[in-house]
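*Asks:* model this:
(4 chains)
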Protein chains: 4
Amino acid sequence: MEQRFEIEMAVRDYECDLQGIVNNAVYQNYLEHCRHEFLDAIGLGFAQLCRDGIDAVVTRIEIDYRQPLRPGDRFTVALGMRRQGRLRFVFDQSIVRRVDGTTMLEAQVTAVLTRNGRPIAPDPLVAALAGKGWDL
Amino acid sequence: MEQRFEIEMAVRDYECDLQGIVNNAVYQNYLEHCRHEFLDAIGLGFAQLCRDGIDAVVTRIEIDYRQPLRPGDRFTVALGMRRQGRLRFVFDQSIVRRVDGTTMLEAQVTAVLTRNGRPIAPDPLVAALAGKGWDL
Amino acid sequence: MEQRFEIEMAVRDYECDLQGIVNNAVYQNYLEHCRHEFLDAIGLGFAQLCRDGIDAVVTRIEIDYRQPLRPGDRFTVALGMRRQGRLRFVFDQSIVRRVDGTTMLEAQVTAVLTRNGRPIAPDPLVAALAGKGWDL
Amino acid sequence: MEQRFEIEMAVRDYECDLQGIVNNAVYQNYLEHCRHEFLDAIGLGFAQLCRDGIDAVVTRIEIDYRQPLRPGDRFTVALGMRRQGRLRFVFDQSIVRRVDGTTMLEAQVTAVLTRNGRPIAPDPLVAALAGKGWDL
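*Replies:* Presented below is the predicted three-dimensional model:
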């Protein structure tokens, strides 16, 4: 099984700014939404984690902005996932415009699970992934 | 003159999410607001640039999230600036919590000026900075 | 033909606030997105209007919040439309949770078309609607 | 003592949309921020209420949009407060542009306190207000 998850989205006009393009911060919303949909899909909903006292915390994000999305654009947000060291894991994400397959943005998002503000091993994540045939 | 610009801000409750902390994407709003206030302060307003057909475009952003901001927190958003190659320039930014001076976040934001979608030399920026005693 | 337009949407976690529910302001984003999709569907895209020098301006909004949307909720945003006087038109909108058909919110949004900041008769809108069998 | 509370704010560029003006939904953020600052000022912080199991829930909002705010605008968000029936209370709010005193927006926001999703009498609010010389 390929370790890749993706969702389809479309630009909403209110996400665009003065320049007539999607505001830079909004792409982080798109990337986060994809990650949360993924966690939901493997049975680890973000709100549920939150109620269980576990936070999924982003520690670092790198985004390369290639081309801006515009009103009406439809696009695919995708992610792959890999482990980094004992505690951290990295989401490799991209946003691709549907009409022509152009990569608009690439990102690496490093995260860690925490309980009471302290990093914990990503065991709940590893277990949930294993159930879907992914390894971390 | 020190090449540093900063503004004071405070967390607004609607910027916080389920976890009770400022949502990751919102920090980009803070960082952008600081950059735009800076451009305003040197006489290069973003809206004005936009009307002149020049866009200031972010091409890459790296953010290290150290500690989360919470409801009620007051903080300083700061920036320094340096050139990278012929066309690009980098903002080195930080967010520091006022109550105890903790660095909550550090970021490097790479940008370029464009006209009609093509990169141009950052001459308008260099000229405006020179008027304030900054060099790029 | 029934004069009703609707779209399907889902709550994104970043739209929720400290209380674990969708923030009040975000419903306006949902309502606006539905109106813009509708304008697109009748051939009057918001960005296009904007480039033509015509702004669709909301002058008044009334929202009755019945029940809050929560993470994971899927919902339908609907609109009907009617004229009010010579210049204004009103969108009657609702948000209905899909799982059980509960009406979460009802709204009346009054708008007007403007050119150069002055109200104009909604003729472009009337013409576009007529093409779809709607009257205003 | 006059029963009026106000805060100063300024438009941030990312709050503006394609039309070059503040997006309609963003005014709700401004209005909410003013209400939360007010609750803080009387010792009833929103996050604290939330932790105590009490939610301040908006049940209805009416907004009259008079003039749009633009990049760079500074403005005052104000509120007065009155009781409506046994359980509800209403915030009368306005947004005034500082440069010329123009009223940009007026709003009535009806709210209720809830515990476990059920409305409760606004006693915590009445007590907190009394401490500041306000009656509800």
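*Asks:* Which SSE is immediately downstream of the longest helix along chain A?
*Replies:* Ranked by residue count, the top helix of chain A under DSSP state H comes out as helix A:24-41. Next in sequence after helix A:24-41, counting helices and strands by DSSP states H and E, comes helix A:46-51.
*Asks:* Quick check: A:L113 is in a strand.
*Replies:* Yes - looking at A:L113 with DSSP: H, G, I helix; E, B strand; the rest coil, it is inside a strand.
*Asks:* Spit out the contact partners of it.
*Replies:* A:L49, A:I54, A:D55, A:A56, A:V57, A:L87, A:P119, A:I120, A:A121, A:P122, A:P124, A:L125 (Cβ atoms under 8 Å, 6 or more residues apart in numbering or on different chains). Yep, even glycine has a C-beta here, placed from its N, CA and C like the rest.
*Asks:* Strands of chain A, residue ranges please.
*Replies:* A:5-10, A:54-65, A:74-84, A:88-97, A:103-115, A:118-120 (DSSP state E).
*Asks:* So for D:V77, which of the ones you listed sits nearest?
*Replies:* Across the strands of chain A, D:V77 has its closest neighbour in strand A:54-65 (31.6 Å, Cβ to Cβ).
*Asks:* what pLDDT, on average, does that closest one get?
*Replies:* Strand A:54-65 shows a mean pLDDT of 94.
*Asks:* Briefly note if it comes near chain B.
*Replies:* Yes - using Cβ under 8 Å from any Cβ of the partner chain, strand A:54-65 reaches chain B at A:D55, A:V57, A:V58, A:T59, A:R60, A:I61, A:E62, A:I63, A:D64, A:Y65.
*Asks:* what angle sits between that strand and strand A:103-115?
*Replies:* Relative orientation of strand A:54-65 versus strand A:103-115 (axes from the mean of the first three to the mean of the last three Cα atoms, to 10 degrees): 160 degrees.
*Asks:* Strand A:54-65 near chain C anywhere?
*Replies:* No - under the criterion of Cβ under 8 Å from any Cβ, strand A:54-65 makes no contact with chain C; the nearest approach is 10.7 Å.
*Asks:* Send over that strand as PDB, restricted to the C-alpha atoms.
*Replies:* Output in PDB follows, covering the C-alpha atoms of strand A:54-65 (Å, rounded to 0.1, in the frame of the first residue of the first chain):
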ATOM      1  CA  ILE A  54      -3.000  14.200  24.200                       C
ATOM      2  CA  ASP A  55      -2.000  17.100  22.000                       C
ATOM      3  CA  ALA A  56      -0.500  16.700  18.500                       C
ATOM      4  CA  VAL A  57       1.800  19.600  18.400                       C
ATOM      5  CA  VAL A  58       3.600  21.100  15.400                       C
ATOM      6  CA  THR A  59       7.200  22.000  16.300                       C
ATOM      7  CA  ARG A  60       8.400  23.100  12.900                       C
ATOM      8  CA  ILE A  61       7.000  23.900   9.500                       C
ATOM      9  CA  GLU A  62       8.800  24.600   6.200                       C
ATOM     10  CA  ILE A  63       6.700  25.800   3.300                       C
ATOM     11  CA  ASP A  64       7.900  26.400  -0.300                       C
ATOM     12  CA  TYR A  65       5.300  28.600  -2.100                       C
END
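*Asks:* Give me the contacts around that strand.
*Replies:* Here strand A:54-65 has contacts from A:24, A:27-28, A:31, A:39, A:46, A:49, A:88, A:104-115, A:120, A:124, B:19, B:24, B:57-65, B:68, using Cβ under 8 Å, 6+ apart.
*Asks:* ChimeraX command to pick out the buried ones of those residues?
*Replies:* Selecting only the buried entries of the contacts of strand A:54-65 in ChimeraX, with 16 or more other Cβ atoms under 10 Å in any protein chain shown as the criterion:
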select /A:24,27,28,31,39,46,49,88,104,105,106,107,108,109,110,111,112,113,114,124 /B:19,24,57,58,59,60,61,62,63,64,65,68
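*Asks:* Just give me the neighbour total for the residue nearest to A:K132 when sequence neighbours are not counted.
*Replies:* Nearest non-adjacent residue to A:K132, counting by Cβ to Cβ, 6 or more residues apart in numbering or on different chains: A:I42, 5.2 Å away. A:I42: 16 surrounding residues under other Cβ atoms under 10 Å in any protein chain shown.
*Asks:* For A:I42, list the residues it contacts.
*Replies:* Contacts of A:I42 by Cβ under 8 Å, 6+ apart are A:A128, A:L129, A:G131, A:K132, A:W134.
*Asks:* Now do it, the pLDDT please.
*Replies:* In this model, A:I42 carries a pLDDT of 90.
*Asks:* Please apply the same query to A:A47.
*Replies:* 69.
*Asks:* ok, A:V77 - contacts?
*Replies:* A:E6, A:I7, A:M9, A:Y30, A:L31, A:H33, A:C34, A:Q93, A:S94, A:I95.
*Asks:* want to throw those residues into JSON lines with distance to chain C?
*Replies:* Listed next are the contacts of A:V77 as JSON lines, based on distance: Cβ to the nearest Cβ, whole Å:
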{"residue": "A:E6", "distance to chain C": "16"}
{"residue": "A:I7", "distance to chain C": "10"}
{"residue": "A:M9", "distance to chain C": "9"}
{"residue": "A:Y30", "distance to chain C": "9"}
{"residue": "A:L31", "distance to chain C": "10"}
{"residue": "A:H33", "distance to chain C": "5"}
{"residue": "A:C34", "distance to chain C": "10"}
{"residue": "A:Q93", "distance to chain C": "15"}
{"residue": "A:S94", "distance to chain C": "19"}
{"residue": "A:I95", "distance to chain C": "15"}
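*Asks:* Quick check: A:D13 vs C:G45, distance?
*Replies:* Using Cβ to Cβ, to the nearest Å, A:D13 is found at 9 Å from C:G45.
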